[in-house]
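Have a look at this prediction, sequence included:
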Amino acid sequence: MKLFQLTFLLVTLLQGAIFAQEEYPKVMALEGDGIYTLLRRHGVSPTKYYNDFVEINHEDLGEDESLILGKHYILPDTLAANTVEVEAEGITYPIFGDDFKKVDTASKRLDNTVYYLISGHGGPDPGAVEKYRGKMISEDEYAYDVTLRLARELISHGAEVHIIVQDENDGIRDNRVLELDTDETVQSQTIPLDQLERLKQRTKAVNDLYAKNSGKYQRLLVTHVDSRGEGTNIDVFFYHHEKSTNGKKLAESIHRTFLRKYKKFQPNRLYNGTFMERSSLYVVKNTLPAMAYIEIGNIRNKRDQRRILNPDNRQALAKWISEGILLDYESSKTFSSK
């Protein structure tokens, strides 16, 4: 009897292991792979399962949640992932480009919230520029790409998102070099050549929408790429208005998320990014919603260029910012209910 029970137990365990392997297969990271591209190649929705993938495989990820060439990674719950197209069609947003236009619902955590996203510069003003392998790269293109990725993340959690600066033919791009152009608009209006008029135009666009959405939970995120001396390596840092308690809380929540992520994925590197008051900036000073102003790196620094030019790093930036936004909103709900 004991022999039979032991045999039965071993067979049961073996069957369980086989089923587990079938449900959670391992796949190898190929050259150029990031989490997004690897998941999409194997029919798994990155919108729904990115965080699950990171949680399962975090010990085998490099800095900024990067994949290691040739290493095998576990796919999360592929059975559920492969049926997602049947269960939920998602919504299509052409602004994100052909490869990213369909957005699956990840959660309803940001239901009844409104977010305004401004990417720095655009139109006749490319912002900071630099040469990379013989090609010109500009601040506005990379700030815009991160902004689109952030918008997609927020929409997947149920937020209403207004992208203030838009480019109809530049969706999310998985390229290192993003071609410079000047056809960005603000609410279909040409962006002025004069700097102050440009700032007034996007500020008015946000404030008009803010008035229309009076009574709703509203926040503003502004994304820029910094420009300093070539040898100056900076971490992602944040500004807020000195008199805005909610703006400070938003910036602090995103900053805290970056601290946690660096500790997890880059434990040997100290994160020096800060959040601070800087009300002298025109958009910070004159827009109505509580806001966080984000600088994602120095376009002239070689180390920062790795963060900015690598599309998977840009995706990680958007994910981390969105997680900080979720933390901010959910903590505000907890506080208001007390």
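It's in.

Would you mind measuring from the closest residue in space to residue 51 that isn't next to it in sequence to residue 251?
Ranked by Cβ to Cβ, 6 or more residues apart in numbering and with sequence neighbours excluded, the top spatial neighbour of residue 51 is residue 319, at 7.8 Å. Yep, even glycine has a C-beta here, placed from its N, CA and C like the rest. Distance from residue 319 to residue 251, counting by Cβ to Cβ, to the nearest Å: 18 Å.

And residue 237, by the same measure?
In this view, residue 237 and residue 251 are 9 Å apart by Cβ to Cβ.

Need the residues touching each of the two.
For the pair residue 237 and residue 251, residues contacting each of them under the criterion Cβ atoms under 8 Å, 6 or more residues apart in numbering are residue 275.

Between the two, which has more neighbouring residues?
A count of neighbours by other Cβ atoms under 10 Å puts residue 251 above the other of residue 237 and residue 251, at 28 against 20.

Now for the more buried one: which residues touch it?
Contacts of residue 251 were listed using Cβ under 8 Å, 6+ apart, and they are 238, 239, 240, 275, 292, 293.

Now do the SS call for the last one.
When you say that, I think you mean residue 293. With DSSP: H, G, I helix; E, B strand; the rest coil as the basis, the three-state label of residue 293 is strand.

mind pulling up the phi and psi values for the spatially closest residue to it that is not a sequence neighbour?
Leaving aside its chain neighbours, residue 293 sits nearest to residue 239 (4.0 Å; criterion: Cβ to Cβ, 6+ apart). Here is the backbone geometry of residue 239 (degrees, to the nearest 10): phi -120, psi 160.

Wait, residue 239 touches residue 277, no?
Yes: judged on Cβ atoms under 8 Å, residue 239 makes contact with residue 277 at a distance of 7.2 Å.

Quick one: the helices in this structure, in order.
Remark: helices of the chain, listed N- to C-terminal, are 2-23, 35-41, 46-57, 78-82, 84-87, 139-156, 195-212, 245-265, 282-286, 302-309, 311-336; assignment by DSSP state H.

dump the residue contacts of residue 249.
For residue 249, the set of contacting residues under the criterion of Cβ under 8 Å, 6+ apart consists of 290, 328, 331, 332.

any chance of the residues you listed in JSON lines, plus pLDDT and neighbour count?
Listed next are the contacts of residue 249 as JSON lines, based on pLDDT from 0 to 100; neighbours: other Cβ atoms under 10 Å:
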{"residue": "290", "pLDDT": "98", "neighbour count": "21"}
{"residue": "328", "pLDDT": "97", "neighbour count": "21"}
{"residue": "331", "pLDDT": "93", "neighbour count": "12"}
{"residue": "332", "pLDDT": "88", "neighbour count": "18"}
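
closest to residue 167 among those?
Distance to residue 167 across those (Cβ to Cβ) is lowest for residue 290, with 26.7 Å.

quick one: contacts for that closest one?
Counting by Cβ under 8 Å, 6+ apart, residue 290 makes contact with 218, 219, 220, 241, 244, 245, 246, 247, 249, 250.

let's see 7 Å
Residues near residue 290 by Cβ atoms under 7 Å, 6 or more residues apart in numbering: 219, 244, 246, 247, 250.

what's the distance between the nearest residue to it once chain neighbours are set aside and residue 219?
What sits nearest to residue 290 in space, not counting adjacent residues and going by Cβ to Cβ, 6+ apart, is residue 246, at 3.5 Å. Computed as Cβ to Cβ, the residue 246 to residue 219 distance reads 8 Å.

Then residue 262?
In terms of Cβ to Cβ, residue 262 sits 24 Å off from residue 219.

can you check residue 91 too?
Applying Cβ to Cβ to residue 91 and residue 219 gives a distance of 21 Å.

of these two, who's got more company?
residue 219 (22 against 12).

Do you know the pLDDT at that one?
As predicted, residue 219 sits at a pLDDT of 98.

Isn't it up against residue 250?
Yes: applying Cβ atoms under 7 Å as the test, residue 219 and residue 250 come out as touching, 6.0 Å apart.

in the stretch 51-200 of the chain, which spans are strands?
Using DSSP state E, counting those that start in this stretch, the strands of the stretch 51-200 of the chain run over residues 72-74, 91-92, 102-103, 113-119, 129-132, 135-138, 160-163, 165-166, 185-186, 189-190.

quick one: which of the ones you listed is nearest residue 298?
Comparing those against residue 298 with Cβ to Cβ, the closest turns out to be strand 129-132 (9.4 Å).

Note down every partner strand of the closest one and its orientation.
Each strand that pairs with strand 129-132, with its direction, by DSSP bridges: strand 135-138 (antiparallel).

Go through the partner strand and flag the buried ones.
Neighbour-count burial for strand 135-138, counted by 16 or more other Cβ atoms under 10 Å, picks out 137, 138.

Now do that strand: everything it contacts.
Around strand 135-138, the neighbours that count as contacts under Cβ under 7 Å, 6+ apart are 126, 127, 129, 130, 177, 178, 180, 299.
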